[in-house]
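>>> Sequence first, predicted model second:
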Amino acid sequence: MEEKKVMIQLKNVVKFFGRHKVVKSINLDIYEGEFLTLLGPSGCGKTTTLRMIAGFEEATEGEIYLDDVNMEGKPPYARDVNTVFQNYALFPHMNVYDNIAFGLVEKKLPRAEIREKVLNALEMVQLEGFEKRKPSQMSGGQKQRVAIARALVNNPKVLLLDEPLGALDLKLRKQMQSELKHLQQKLGITFLYVTHDQEEALTMSDRIAIMNQGRIEQLGTAQDIYEHPVSKFVADFIGESNILEGYVTKTDDATISVRFEFGQLDGIAASEFVDEEMIYVSVRPEHVKYSQKPVKDFHLQGIIKEYIYAGSSIRMIAELPNSQEIILLCHPQDTLPATGTDIYLYWNPDKAVLLHTNEDKLYDLIEDAVLK
Amino acid sequence: MNRKKNQKPLGMLSISLACLTYLFLYLPIIMIIIYSFNAKESNLVFEGFSIQGYLTLFQNAVLLDSFWNTVKLAVVSTVISVVLGTLATIGMHRYRFKFKGLINGLLYIPIVIPELVIGIAFLVTFALAQMQMGFVTLVIAHVTFCLPFVIVNIRARIAGFDPAIEEAAMDLGATKRRTLTRVTIPMLTPGIISGALISITLSLDDLVISSFVYGRTMTFPIKVYGMVRGKITTDVYALSTLMIVGTIAIYAMAQFIQKHFEKAHGQ
């Protein structure tokens, strides 16, 4: 396979705001032409990471390379990247044409060339004929198209997008998601996208980096991350997961049992866990099944608490004796047992993910304590 | 949307109060305008229409001279106030520094201190510094009381700024200086203009502070005040009328510019 070219490289990047460590040693390679998303809850450091690449913030430690050039000390105007901001950040005193032409004027291109490029960019975002409009006379979706055109017209090596669809309503957001994705595929420009919306990340990205508390927890394709989350945080953050906390009993070298407060799983093929280790068992709702008779190896009994109708599916909420709720997806056509019925829960063992409990937590606590 | 429909009609008492208020506000002004066209020098009887008052006015060399002094003073102090005010506002907005709150608060003090006190303070200061009273001392004094008003106006604009807009300019290749001239200052322009107009009006009719520091540079308000102390002649009425017209024109212009920019920027 052809070696992919690294467009952006982050090496041990750390960022402090005062004494607060916002970004904790990030290493990340972003390939040319790739759509990579930094996904995480607010305050996880994803926007700060983007801003360090744009040059609005200087990394406290570590290096950032853009196309093999170290960006240290380079101001935003000397970096070949462009940004699409969350609130558009259009220049209110300029019309659409002048907004899009801004970067080209700064590059001192000839007028005719600027005109041609601006008109092409307007066509690309389907805003032909809007040249003379002021930003105040446009809708949110139109403003965001102008912002995208204004950035892309400069043909940057990387386009940075900081939650660009956050201010739009749901329907428009969906539409813009697919437009952005098509645009990226057509132009072949590297996109680095920041969002807290997991669905947005799953539908658009080639790869997703899940960020939590200033670290990248997992990096991979949408499918990778959905099917094989590496931590409880990822399993919880991406999609929906039923997460059970239990203790390992080793049966032999290749199989373990997991004891829960109420119930037990036997005969699980796993070798990377030690006796008495606390682990999480994570199962997606669509993989959980139920039976009214006991199931081999699965000793998990609950009662059906309620059904929630969700259009194409019905969500069954089953309750374990310790009142933990387990969510199951059922087909509306199925004949479903009445609420209050005792059931046995089970799943295909391949579909469950076993996770070490987060040892980093202790490390983080110590580190934070030392810093304070 | 429906606010006008929901408003209740005024009661009789409110109407009469409003009428009285407006009468007290505007009757004296109207009287001045009427008497400026009086044929005889009398403030009791109107003896027929004449523009004699205006003709006398324009032959009064000392008065005209003081008028030009005042215009020069207003222009010079406004230019200085606007330049300093714009830089100060941008600086206060953009940077963090020690005692920012204190420095910020001190800015507003000249607005609330009685003018008399400021006048005396300047008199003492200039005397101690052994400065010759005249145009320079007038400019220093005027800049001091105009500057806070300029800053207040520009700050009202800058407070609504999305900091990302300046970042966007830098992101698109504009250096700090280019960002300032292509983005920051154009966006502040409405605030700068209204601040400048307020500064001009304040400077034009300042009497109290100027009277302490004018030395031999006679300003228009001081001269007029001197004229009124004797008999009030028709040319004073004529002069007042012209000043009313001038001030309203400046005020209207400020309003117009503000509206125009609001429309263009949708802010």
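Yes, it's here.

>>> Next, the nearest residue to A:His299 once chain neighbours are set aside: secondary structure please.
Closest residue to A:His299 apart from its sequence neighbours, by Cβ to Cβ, 6 or more residues apart in numbering or on different chains: A:Gln264 at 4.5 Å. (C-beta placed from N, C-alpha, C; glycine too.) What DSSP: H, G, I helix; E, B strand; the rest coil gives for A:Gln264 is strand.

>>> Quick one: residues contacting A:Gln264.
For A:Gln264, the contacting residues are A:246, A:257-258, A:299-300, by Cβ atoms under 8 Å, 6 or more residues apart in numbering or on different chains.

>>> do B:Tyr251 as well
Counting by Cβ under 8 Å, 6+ apart, B:Tyr251 makes contact with B:197, B:201.

>>> List the buried residues for the strand or helix carrying it?
Here B:Tyr251 sits within helix B:234-265, counting by DSSP states H and E. Within helix B:234-265, the residues that count as buried by 16 or more other Cβ atoms under 10 Å in any protein chain shown are B:234-241, B:243, B:254, B:257-258, B:261, B:265.

>>> And chain A, what are its domain boundaries?
A:6-232, A:241-371 (automatic domain parsing).

>>> for those, which one ends up most surrounded?
Highest mean neighbour count of these: domain A:6-232, a mean of 19 (counted as mean count of other Cβ atoms under 10 Å in any protein chain shown).

>>> show me where the stretch 1-150 of chain A has strands.
In the stretch 1-150 of chain A, the strands defined using DSSP state E, counting those that start in this stretch lie at A:6-17, A:20-31, A:35-39, A:61-66, A:69-70, A:81-84.

>>> want to throw these into CSV with distance to B:Ser36 and mean pLDDT?
Below are these laid out as CSV (distance: least, Cβ to Cβ, whole Å; pLDDT from 0 to 100):
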stretch, distance to B:Ser36, mean pLDDT
strand A:6-17, 66, 92
strand A:20-31, 69, 91
strand A:35-39, 73, 94
strand A:61-66, 72, 92
strand A:69-70, 75, 92
strand A:81-84, 62, 94
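
>>> Kindly reformat the ones you listed as CSV containing distance to B:Ile200.
Shown next, in CSV, are the strands of the stretch 1-150 of chain A (distance: least, Cβ to Cβ, whole Å):
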stretch, distance to B:Ile200
strand A:6-17, 44
strand A:20-31, 48
strand A:35-39, 52
strand A:61-66, 50
strand A:69-70, 52
strand A:81-84, 41
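
>>> so can I have TSV of the ones you listed showing distance to chain B?
Output for the strands of the stretch 1-150 of chain A, formatted as TSV (distance: least, Cβ to the nearest Cβ, whole Å):
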stretch	distance to chain B
strand A:6-17	13
strand A:20-31	16
strand A:35-39	18
strand A:61-66	14
strand A:69-70	17
strand A:81-84	5
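
>>> Helix, strand or coil: sort out B:Ser77 for me.
helix.

>>> Enumerate the residues of the stretch 101-250 of chain B near chain A.
The stretch 101-250 of chain B comes close to chain A at residues B:162, B:164-165, B:167-176, B:178, B:182-183, B:186-187, B:189, as judged by Cβ under 8 Å from any Cβ of the partner chain.

>>> Inside helices: which ones of these?
The helices, defined by DSSP state H, take in B:164-165, B:167-171, B:176, B:178, B:186-187, B:189 from those.

>>> buried subset of those?
B:164-165, B:167-171, B:178, B:187, B:189.

>>> Pipe the residues you listed into a markdown table and attach distance to A:Ala310 and pLDDT per row.
Listed next are these as a markdown table, based on distance: Cβ to Cβ, whole Å; pLDDT from 0 to 100:
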| residue | distance to A:Ala310 | pLDDT |
| --- | --- | --- |
| B:Ala164 | 38 | 90 |
| B:Ile165 | 42 | 92 |
| B:Glu167 | 42 | 93 |
| B:Ala168 | 41 | 94 |
| B:Ala169 | 46 | 94 |
| B:Met170 | 46 | 94 |
| B:Asp171 | 42 | 94 |
| B:Arg178 | 54 | 93 |
| B:Met187 | 48 | 89 |
| B:Thr189 | 54 | 88 |
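
>>> Next one: the residue in the stretch 201-350 of chain A that chain B sits nearest to from A:Ile8, what distance?
In the stretch 201-350 of chain A, no residue comes nearer to chain B than A:Met211, which is 21.1 Å away by Cβ to the nearest Cβ. Noted for A:Met211: a distance of 15 Å to A:Ile8, by Cβ to Cβ, to the nearest Å.

>>> Quick check: end-to-end length of stretch A:325-335?
Terminal residues of stretch A:325-335 lie 21 Å apart, using Cα to Cα, to the nearest Å.

>>> Just the mean pLDDT for that stretch, thanks.
Stretch A:325-335 carries an average pLDDT of 85.

>>> for stretch A:273-284, same thing?
For stretch A:273-284, mean pLDDT is 87.

>>> cool, and stretch A:139-158?
Average pLDDT, stretch A:139-158: 92.

>>> Can you find the residue of the stretch 1-150 of chain B that comes nearest to chain A?
B:Arg96 (11.6 Å).

>>> what's the least confident stretch among the domains of chain A?
Across these, domain A:241-371 gives the lowest mean pLDDT, at a mean of 84.

>>> okay, stretch B:183-191 in CSV with CA atoms only?
C-alpha atoms of stretch B:183-191 as CSV (Å, rounded to 0.1, in the frame of the first residue of the first chain):
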residue,chain,number,x,y,z
VAL,B,183,-11.0,45.1,10.4
THR,B,184,-10.8,46.6,13.8
ILE,B,185,-10.9,50.3,13.0
PRO,B,186,-13.6,50.0,10.3
MET,B,187,-15.7,48.1,12.7
LEU,B,188,-15.3,50.8,15.3
THR,B,189,-16.0,53.6,12.9
PRO,B,190,-19.6,54.3,14.0
GLY,B,191,-18.4,54.6,17.7
